[in-house]
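Q: next comes the sequence, and after it the predicted model I'd like to discuss.
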Amino acid sequence: MTHHNPLNEICIEHIYSTFELLGQFNNLEANSRALMLKNDAFSQTSSIYSAYLLRIVNMDSLYTSLQFSKPGFFRKNLLDQYLRLYNDLKKDEQILSMGKNGHIYKIFLEYAKIRFELINIYGELSKANCNTYSAILDHVKVLEWDNSQSMNFPSLSIGIIKEISIIKNLLLAQLSLISYNFKNSVLYTYLAKNDLNQWINNLQTQIKHQQETQTLETGKAELEIPNNQKWLKKFLSYTLAKINVYFNIILSKKSSEILHQINLKTDPDPLNMIKNFVSKNNNILNISFIYSSLSKNTSIRPDGGYSCISTVPLTGIHSYPAIFSFPNEPPLNHWPNIISIIQSKQKHHQYLQTDSFNKDSSSKYSRKTLEYYSASISSLSNAASYLMGTRRYNEKRKRMVKSLSNSKDNSGTDKDISQSLDETSTVPFFFYDWKISISYYMIKVDPDVIIVLIYECQNKDPTIIDFLTKLVACLRNVTLFEQLKVDW
């Protein structure tokens, strides 16, 4: 066997065909092609390529099935496999890249690298929330795939490019939803859907062409959608569902070609969830999605404009506009109460953050002084003075928390301050105003969007708690991201 001969045309054709079949999610046929390369290997170089190709085929089935996204062994194991593949390829670079084999070697290297990065991104998505979208997007933006050889295995190249593009555009759409930008939310969602359709249509075309030109050993007749593509379709559906609710006022007034093409029928359907639940409970006066933009220099206009952004900040109760309201117009007579609750919770949250910072600072300073004073006994009186001040601060803090924890205050309200009102809270905040016999349930979807349900009943209703918990899990994409961790 000659040691360093370049690959012949037959071996190169086996490699191209194997990658193309992987792009069509036909792992069984791809494995057959990789074995052909092994049988036809005439040199050390072709034998090495054959071994690498068989490794890739076996690993790729785990990737497209999303088995790696489950916690623990699977993701770490596949990440390690791709990392070892990449490192092994680098070790064999001198042999594999010699002569005319350079472009083939580059394909193998780029493939190992892009799969490794995508596994990491899916891992980040499985734990994602609205505060991590930007960081994940930055990771996606740096991914690159060399498309110069796409004509040799178009299904794989187009698939990788489209997969990256779909994730990027859906993250951009999610960030646009958070900033309440209608135009960008719809645009990026449309681009993601267009990419997904092109990916699927290209696969169907390539499979049909292959069936017409040659007989596949496995007799594969139709496209089987893999789990990574199924999950991306779900991500698209969840994004459309959120658009349906956030921009319901605008969508009811606008009809355009792009809106028609993205098709606003979704699964899940939070809009119908809301309507069905409210219609079955006569004690619910209203459910509204309130946008609080006090932290910004601009305000939103939920009733018009593609950007929905007003350069003139709104004031008073209008600085908390309802971007969605059902079954009627927002009951503005309740807005002073609602705004007061929101603002008090925000102040309480800020106090807790400041208190946490002070405790951290005190702890660091305390450790520093103890280390310092252990080397300087003459300064013990200063340490005692500092510790006395810390004790007074802690006693004052306890009195403030005890005061805040009173179940009723002078305004005649019953509230539970132990529950937070931030975008990470999973349980709705409950507030009962006994003067008007009205209960308010509140929970944040995004940093600036709060769901407020107004209810004519004093006691906490577990069905409302359950409904709002499921609704916000849907709108935050919690349910979607958790699907990456389960068996498919």
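A: Received, thanks. Numbers count the residues shown, from 1 in each chain.
Q: quick one: the helices in the stretch 151-300 of the chain, in order.
A: 154-178, 182-213, 227-246, 248-251, 257-262, 270-279 (DSSP state H, counting those that start in this stretch).
Q: any chance of a markdown table for these, columns mean pLDDT, mean neighbour count and distance to residue 136?
A: From N, CA and C alone the C-beta is placed, and that goes for glycine too. Below are the helices of the stretch 151-300 of the chain laid out as a markdown table (pLDDT from 0 to 100; neighbours: other Cβ atoms under 10 Å; distance: least, Cβ to Cβ, whole Å):
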| stretch | mean pLDDT | mean neighbour count | distance to residue 136 |
| --- | --- | --- | --- |
| helix 154-178 | 95 | 22 | 6 |
| helix 182-213 | 85 | 17 | 15 |
| helix 227-246 | 94 | 21 | 12 |
| helix 248-251 | 84 | 19 | 27 |
| helix 257-262 | 60 | 12 | 23 |
| helix 270-279 | 94 | 16 | 23 |
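Q: of all the ones you listed, which one is nearest residue 332?
A: In terms of Cβ to Cβ, the element of the helices of the stretch 151-300 of the chain nearest to residue 332 is helix 248-251, at 15.6 Å.
Q: same list (the helices of the stretch 151-300 of the chain) but as TSV, adding distance to residue 12.
A: Below are those laid out as TSV (distance: least, Cβ to Cβ, whole Å):
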stretch	distance to residue 12
helix 154-178	15
helix 182-213	18
helix 227-246	28
helix 248-251	52
helix 257-262	40
helix 270-279	51
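Q: so, low pLDDT: which residues of the stretch 251-400 of the chain?
A: Filtered on pLDDT under 70, the stretch 251-400 of the chain yields the residue ranges 254-264, 293-314, 347-400.
Q: again, only this time at 50
A: 351, 357, 361-387 (pLDDT under 50).
Q: on that earlier part again, out of the helices of the stretch 151-300 of the chain, which gets nearest to residue 28?
A: Judging the helices of the stretch 151-300 of the chain by Cβ to Cβ, what sits closest to residue 28 is helix 182-213, at 13.6 Å.
Q: select, out of the helices of the stretch 151-300 of the chain, the one closest to residue 64.
A: Of all these, helix 227-246 comes closest under Cβ to Cβ, at 5.3 Å.
Q: the chain: strands as residue ranges?
A: 284-291, 299-300, 309-310, 322-326, 413-415, 429-433, 438-446, 449-455 (DSSP state E).
Q: closest to residue 268 out of those?
A: strand 438-446 (14.2 Å).
Q: sheet-wise, list the partners of the closest one with their directions.
A: strand 429-433 (antiparallel), strand 449-455 (antiparallel) (DSSP bridges).
Q: okay, the nearest residue to residue 130 once chain neighbours are set aside: pLDDT?
A: In space, residue 130 comes closest to residue 446 once its chain neighbours are excluded; the distance is 5.3 Å by Cβ to Cβ, 6 or more residues apart in numbering. We have a pLDDT of 92 for residue 446.
Q: tell me what residue 446 is bridged to.
A: Here residue 446, judged by DSSP bridges, has bridge partners residue 449.
Q: any idea how far it lies from residue 421?
A: 13 Å (Cβ to Cβ, to the nearest Å).
Q: same deal with residue 327?
A: With Cβ to Cβ as the criterion, residue 327 and residue 421 are 24 Å apart.
Q: more neighbours, those two?
A: When neighbours are counted by other Cβ atoms under 10 Å, residue 327 and residue 421 differ, and residue 421 comes out ahead with 20 against 12.
Q: excluding its backbone neighbours, what's nearest the more buried one?
A: residue 345 (4.0 Å).
Q: okay, now the one you found: neighbour count?
A: 21.
Q: hang on, isn't it packed against residue 429?
A: Yes - between residue 345 and residue 429 there is a contact under Cβ atoms under 8 Å: 6.8 Å.
Q: apart from its chain neighbours, what residue comes closest to residue 476?
A: residue 445 (6.1 Å).
Q: I figured that neighbour hits residue 475, correct?
A: Yes - with contact defined as Cβ under 8 Å, residue 445 and residue 475 form a contacting pair (4.8 Å).
Q: dihedrals phi and psi, residue 424?
A: When read as degrees, to the nearest 10, the backbone of residue 424 gives phi -110, psi -10.
Q: that one and residue 195, how far apart?
A: Taking Cβ to Cβ, one finds residue 424 at 31 Å from residue 195.
Q: one more: residue 52?
A: 30 Å.
Q: sorry, back to before: the more surrounded of residue 445 and residue 475?
A: When residue 445 and residue 475 are compared for neighbours, residue 475 comes out ahead with 25 against 21, by other Cβ under 10 Å.
Q: residue contacts, the more buried one?
A: 241, 242, 245, 270, 445 (Cβ atoms under 8 Å, 6 or more residues apart in numbering).
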